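kindly return the folded structure for what I paste below:
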Amino acid sequence: MATRTTDPATDPTRDVLVRMRSVSPQLQPAEHRVAEVVLEDPAAAAQLSITELAARAATSVATVARFSHSIGFGGYPQLRLALAGAAARESALGAPVRKPPADLDEAESTEDIVAAIVHHEVRALQETAEHLDLTALDAAITAVADAPRVDIFGVQASGLVATDLQYKLIRAGRIAFAWTEFHSAMTAAVLLGAGDVAVGISHSGSTQDVVTALAAAKRAGATTIAITNFAGAPIIEHADIVLTTASRETAFRSGALASRTAQLAVVDFLFVGVARSSLEATTEALARTHHAVRASGPRRRTSTRGNAQA
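Residues are numbered from 1 along each chain as shown. The predicted model follows:
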């Protein structure tokens, strides 16, 4: 059983920025404004007094104090220290001096954009690995490994990730289906049963098509797994097992590469764990499918002339 020496859920200082982004959708509007100010520039926010931060967020000192409690701190002084530590870590890891391309900014150079995007893709992977619940991952691996059938629900950007997981499982000899259209997803969900597994993938955790399909699968008796970025998201209510990512998506870059990168990493963690649970059978299946695809070679196009002669 995989273990972790530090539990992020009980240690709000590790990493406060990840924690803040995770709970942001569940905050009250005034608290959400505080989070936006802090996330925009954590180093600058760490230098502000509680009164100054309240003014920047157009709210009250009481709201800032309440915000500190909402994300797991005893008060603003503790939050301020954690922000200073997070800013120092970002700097040590090579965070770009300029802001990431969260919104259109004509002042950004191509070099700035490349550096910022690469940094945030790397951090999405690092933070996802650091904060992933490994006990939940072990449970998901066991459920998928034992399942006679796995159905995966995802739409748009998350639909690409759902399809990736389907292909991986099929190549390993597993029965798996990815559903990226609501009616098909619901049809499949209600036909699942005990022992089957349903995986719902949604960065926001509130994509209605995915949430509804996962809820239907749970009612049908399947074991349900959610892959999402936000604690407290609606999809979690219908999940037996929750696997969380830690990516930095913004309004302009909705469906950005960072969120897919983090989701694909979780999918890889899950797949490799499943493959390892029956290594000999998986290795044989991968070899057979690889040989079948390679042996078939490129498909030849039959010419119109040839058809006419035939």
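
when you work out contacts or count neighbours from here on, use the C-alpha atoms and nothing else.
Will do.

ok, the residue lying closest to A246 once chain neighbours are set aside - contacts?
Sequence neighbours aside, T128 is the residue nearest to A246 in space, at 4.7 Å (criterion: C-alpha to C-alpha, 6 or more residues apart in numbering). Residues in contact with T128 (C-alpha atoms under 8 Å, 6 or more residues apart in numbering) are 244-247, 262.

okay, and T128 sits in which element?
In the assignment (DSSP states H and E), T128 maps to helix 110-131.

centre of the chain to that helix, how far?
In terms of C-alpha atoms, centre = their mean, to the nearest Å, the centre of helix 110-131 is set 14 Å apart from its chain centre.

any chance you could map the helices in the stretch 151-300 of the chain?
Here the stretch 151-300 of the chain has its helices, by DSSP state H, counting those that start in this stretch, at 156-171, 182-189, 208-220, 257-277, 279-296.

how much does the shortest one deviate in direction from helix 208-220?
Spelled out, that is helix 182-189. The directions of helix 182-189 and helix 208-220 differ by 20 degrees, with axes from the mean of the first three to the mean of the last three C-alpha atoms, to 10 degrees as the criterion.

and the contacts of helix 182-189?
Contacts of helix 182-189 (C-alpha under 8 Å, 6+ apart): 151, 153, 179, 198, 209-210, 212-214, 216-217, 220.

cutoff 6 Å now
If you take C-alpha atoms under 6 Å, 6 or more residues apart in numbering as the criterion, helix 182-189 is touched by 179, 209, 213, 216-217.

re the thing from before, any idea which of the contacts of T128 is closest to A65?
A65 has its nearest neighbour among these in A246, at 24.8 Å by C-alpha to C-alpha.

count of neighbours near the closest one?
28 (other C-alpha atoms under 10 Å).

which one of the helices of the stretch 151-300 of the chain lies closest to I113?
Among the helices of the stretch 151-300 of the chain, the nearest to I113 by C-alpha to C-alpha is helix 257-277 (13.3 Å).

report all helices and strands that the closest one contacts.
helix 110-131, helix 134-146 (3 or more C-alpha pairs under 6 Å, 6 or more residues apart in numbering; DSSP states H and E).

need the pLDDT of the residue nearest in space to the middle of the chain.
Closest to where the C-alpha atoms of the chain average out (C-alpha atoms, centre = their mean) is T245, at 3.4 Å. You'll see T245 listed with a pLDDT of 92.

now do the contacts for it.
128, 229, 262.

swap in 10 Å and give it another go.
Taking C-alpha atoms under 10 Å, 6 or more residues apart in numbering as the contact definition, T245 lies against 18, 22, 124-125, 127-133, 203, 227-231, 258-266.

what do you get for V266?
Contacts of V266 by C-alpha under 10 Å, 6+ apart are 125, 128-129, 132, 137, 161, 165, 227, 243-245, 260, 272.
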